[in-house]
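Enquirer: this is a predicted model, with the sequence first.
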Amino acid sequence: GLITGMVEERFEKETGYRLDINGGATIKLWPQTVVSLSDVALFDPQDRDITERVRVENIRAELSLRGLLTGDPRVREIRIDRPTITLPMSRERTRQLSRQRSTANLDDVPMIIDRVVVSDATFIFRDTRHRVESRIDKFNLTATMPEGRKVDVTVDARSGDQTFKLEAKATIPTGPVDGM
């Protein structure tokens, strides 16, 4: 559709990665402003071994309509359901080169995100040369950003028969965060 085509084109221009929104997009303005994308895939056109890096069943963003209208954007919640993330497994450290970015500056208008939820994610670590694969399943993350540059994160997941949990609290530094 028109909206998904514009999002895919802008994303590729900004990141160098290809985004496919196969299930379409919906926008709801009232009573809550919600943007939903379904069956979303992210591809790295420069990687011949693992081209599809991410596949997500559903992405839902609840936005502040007033913030959009006043130029002060705020995301109340981003929910990412059932993503599968495939990463290269490497026993060697390699230098990562930064991607060419466009001259558009997305930092001109800071966006506040109150809460991020990732549910039932799977991470697949793959070494295609040695045909080895490892995975982390049932990965769930909740990150809340209360006022005052604080971040609270909780994570639980499984790897084989091992379960792990993590809770973290941090403060976001002030100033630019270039290079992160």
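Expert: Noted; the coordinates are in hand. Numbers count the residues shown, from 1 in each chain.

Enquirer: could you measure from the most centrally placed residue in the chain over to residue 42?
Expert: Geometric centre of the chain, nearest residue: residue 80, 7.8 Å, by CA atoms, centre = their mean. Going from residue 80 to residue 42 by CB to CB, to the nearest Å gives 12 Å. Every C-beta, even on glycine, is put in place using the N, C-alpha and C of the backbone.

Enquirer: list the helices and strands the biggest helix by length in the chain packs on?
Expert: Ordering each helix of the chain by length in residues (DSSP state H) puts helix 2-15 first. Applying 3 or more CB pairs under 8 Å, 6 or more residues apart in numbering; DSSP states H and E, one finds that helix 2-15 contacts strand 18-21, strand 25-28.

Enquirer: give me whichever of the ones you listed is most buried.
Expert: Most buried of those by mean neighbour count (mean count of other CB atoms under 10 Å) is strand 18-21; its value is a mean of 17.

Enquirer: strands paired with that one, and their directions?
Expert: According to DSSP bridges, strand 18-21 forms sheet pairs with strand 33-43 (antiparallel).

Enquirer: ok and the strand it pairs with relative to helix 2-15, angle-wise?
Expert: Interaxial angle, strand 33-43 versus helix 2-15 (axes from the mean of the first three to the mean of the last three CA atoms, to 10 degrees): 60 degrees.

Enquirer: what's in contact with whatever helix or strand comes next after strand 33-43?
Expert: Helices and strands here follow DSSP states H and E; after strand 33-43, the next one along the chain is strand 52-63. Strand 52-63 has contacts (CB atoms under 8 Å, 6 or more residues apart in numbering) with 17, 23, 32-44, 47, 73-87.

Enquirer: quick one on the thing from earlier: tell me which of the helices and strands packed on helix 2-15 lies nearest to residue 147.
Expert: Of all these, strand 25-28 sits nearest to residue 147, with 26.9 Å by CB to CB.

Enquirer: let's see stretch 2-14 as PDB, backbone CA atoms only.
Expert: Provided in PDB are the C-alpha atoms of stretch 2-14 (Å, rounded to 0.1, in the frame of the first residue of the first chain):
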ATOM      1  CA  LEU A   2       0.900   3.700  -0.100                       C
ATOM      2  CA  ILE A   3       1.800   3.900   3.600                       C
ATOM      3  CA  THR A   4       3.800   0.800   3.700                       C
ATOM      4  CA  GLY A   5       5.700   1.700   0.600                       C
ATOM      5  CA  MET A   6       6.600   5.100   2.000                       C
ATOM      6  CA  VAL A   7       7.800   3.500   5.300                       C
ATOM      7  CA  GLU A   8       9.800   0.800   3.500                       C
ATOM      8  CA  GLU A   9      11.500   3.400   1.200                       C
ATOM      9  CA  ARG A  10      12.400   5.800   4.000                       C
ATOM     10  CA  PHE A  11      13.700   3.000   6.200                       C
ATOM     11  CA  GLU A  12      16.000   1.700   3.400                       C
ATOM     12  CA  LYS A  13      17.200   5.200   2.700                       C
ATOM     13  CA  GLU A  14      18.000   5.900   6.300                       C
END
